[in-house]
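1. Quick one, fold the following:
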Amino acid sequence: MIQRREDVTRPNIGINQREENTNLDVVSAKRGSKNLATGHEIEIHGPCLIVYRPEKPHTCGATVWIETLATATVFDFDGKVCRVDSRWMWEEEDMWKINKINIDELCSNSI
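-> Below is the predicted model of the structure:
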């Protein structure tokens, strides 16, 4: 199972606090080591798990992160909105397409 995690970029928080007119992105949605989206706010559309593991940090060094399989929406101060789909969403959409084709075939054959 490939989970996505939501991280906080601590160095960017410090820069935003020290420097005027700076709004660097401070949260990120990642799958493995790949950054899927960055911003200032993440809305998770489903269950999630908040993990605090100081004795065994994540590979990036984070000791706190959020894990989820749910779809999430990432927002930033510039108005950019990015939807990060659940890994399972594609499988669900593909399954719907397969089922729809089968249903359409059944309907056309029964007429």
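2. show me where the chain has helices.
-> For the chain, helices defined by DSSP state H occupy the ranges 10-18, 87-110.
3. ok, the residue nearest to residue 51 when sequence neighbours are not counted - how many residues close by?
-> For residue 51, ignoring the flanking residues on the chain, the nearest one in space by Cβ to Cβ, 6 or more residues apart in numbering is residue 65 at 5.5 Å. C-beta coordinates here come from the backbone N, C-alpha and C atoms, glycine included. A count of nearby residues for residue 65, using other Cβ atoms under 10 Å, gives 19.
4. go on, residue 74?
-> Other residues lying near residue 74 total 22 when counted by other Cβ under 10 Å.
5. try the one 10 residues further on
-> The criterion is other Cβ under 10 Å. On that basis, residue 84 has 22 neighbouring residues.
6. check contacts around it.
-> Counting by Cβ atoms under 8 Å, 6 or more residues apart in numbering, residue 84 touches 4, 29, 36, 37, 71, 72, 73, 74.
7. Please report how far the residue nearest to residue 51 lies from residue 16.
-> 20 Å (Cβ to Cβ, to the nearest Å).
8. Need the pLDDT of the closest residue to residue 68 other than its chain neighbours.
-> Beyond its immediate neighbours in the sequence, the residue positioned closest to residue 68 (Cβ to Cβ, 6+ apart) is residue 48, lying 3.9 Å away. As predicted, residue 48 sits at a pLDDT of 91.
9. Just the C-alpha atoms of stretch 48-61, please, in PDB.
-> Presented in PDB, the C-alpha positions along stretch 48-61 are these (Å, rounded to 0.1, in the frame of the first residue of the first chain):
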ATOM      1  CA  CYS A  48      -5.700  10.300   8.100                       C
ATOM      2  CA  LEU A  49      -3.200   9.400  10.700                       C
ATOM      3  CA  ILE A  50      -1.000  11.900  12.500                       C
ATOM      4  CA  VAL A  51       2.400  10.200  13.300                       C
ATOM      5  CA  TYR A  52       4.900  11.500  15.900                       C
ATOM      6  CA  ARG A  53       8.000   9.300  15.900                       C
ATOM      7  CA  PRO A  54      11.100  11.100  17.400                       C
ATOM      8  CA  GLU A  55      13.000   7.900  18.000                       C
ATOM      9  CA  LYS A  56      12.600   6.800  14.300                       C
ATOM     10  CA  PRO A  57      12.300  10.000  12.100                       C
ATOM     11  CA  HIS A  58      11.100   9.700   8.500                       C
ATOM     12  CA  THR A  59      13.800   9.500   5.800                       C
ATOM     13  CA  CYS A  60      13.500  13.300   5.300                       C
ATOM     14  CA  GLY A  61      14.200  13.900   9.000                       C
END
